[in-house]
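Trainee: model the following, please.
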Amino acid sequence: MKRSIKAIFLLTLMAAITILVASPAVSQDKQAEQMQILREKVKADKKSLVAANMELTASEAKGFWPVYEAYQKDLMAINQRIGKLIESYAADYRANTLTDEKAKKLTAELVTIQKAEAELQASYVPKLSKVLPPKKVARYLQIENKIRAAAKYELAANIPLIE
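Mentor: Now for the predicted structure:
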């Protein structure tokens with residue numbers, strides 16, 4: 001991947017994570033506004049990163065970008081679930097109120113989200129295969145997986161372990 005685009009994407013993502021688990025000093029309205037701005041920036045940076053690494057022909061691009069946009073829209077629902085899960089944990093962590101029962105619910109939701117993410121990716125392989133040759137389908141999935149792995153790494157690095 002192109003280093004500069006990847007670096008910008010990761011910096012933007014880290015800022016989003018910081019705001020998400022920020023101290024209560026930032027008002028909820030201000031936090032929501034900042035998150036929306038960062039979401040748009042991450043979305044644009046991600047699309048640039050994908051475009052720079054896919055090496056699409058004009059005809060491939062014509063078919064690919066609508067499928068990409070649909071996938072991103074579906075992925076947003078999963079990302080929102082992850083955000084809610086993190087917010088729930090962060091609230092309990094800050095208040096020191098995480099019970100065994102809440103931990104069970106967090107764990108169950110995490111596993112459900114991971115399954116949903118895998119099922120979503122699998123459901124898009126046939127759609128991508130209609131508009132791209134097999135190697136470019138694999139390349140796109142690699143790019144998506146690398147981006148998501150980087151995002152998950154940043155999340156993991158910034159979310160404290162359960163005590």
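
Trainee: quick check: buried residues in the one helix or strand S48 maps to?
Mentor: Using DSSP states H and E, S48 falls within helix 28-54. The neighbour-count criterion (16 or more other Cβ atoms under 10 Å) identifies Q34, L38, K41, V42, D45, K46, L49, V50, N53, M54 as the buried residues of helix 28-54. The C-beta positions use only the backbone N, C-alpha and C, and glycine is treated the same way.

Trainee: okay, the third one and R139: tell me how far apart.
Mentor: Taking Cβ to Cβ, to the nearest Å as the measure, K41 and R139 are separated by 24 Å.

Trainee: what number of residues lie near Y140?
Mentor: By other Cβ atoms under 10 Å, 22 other residues sit near Y140.

Trainee: over to the one 3 residues further on?
Mentor: By other Cβ under 10 Å, 17 other residues sit near I143.

Trainee: against A150, how distant is it?
Mentor: Per Cβ to Cβ, I143 is found 11 Å from A150.

Trainee: and for Q121?
Mentor: Distance from Q121 to A150, by Cβ to Cβ: 16 Å.

Trainee: what do you get for A138?
Mentor: Distance of A138 to A150, given as Cβ to Cβ: 19 Å.

Trainee: check whether K130 really touches G63, as I assumed.
Mentor: Yes: counting by Cβ atoms under 8 Å, K130 does reach G63; the two are 7.2 Å apart.

Trainee: these two: which is more packed in?
Mentor: With neighbours defined as other Cβ under 10 Å, K130 and G63 compare such that G63 has more, 16 against 10.
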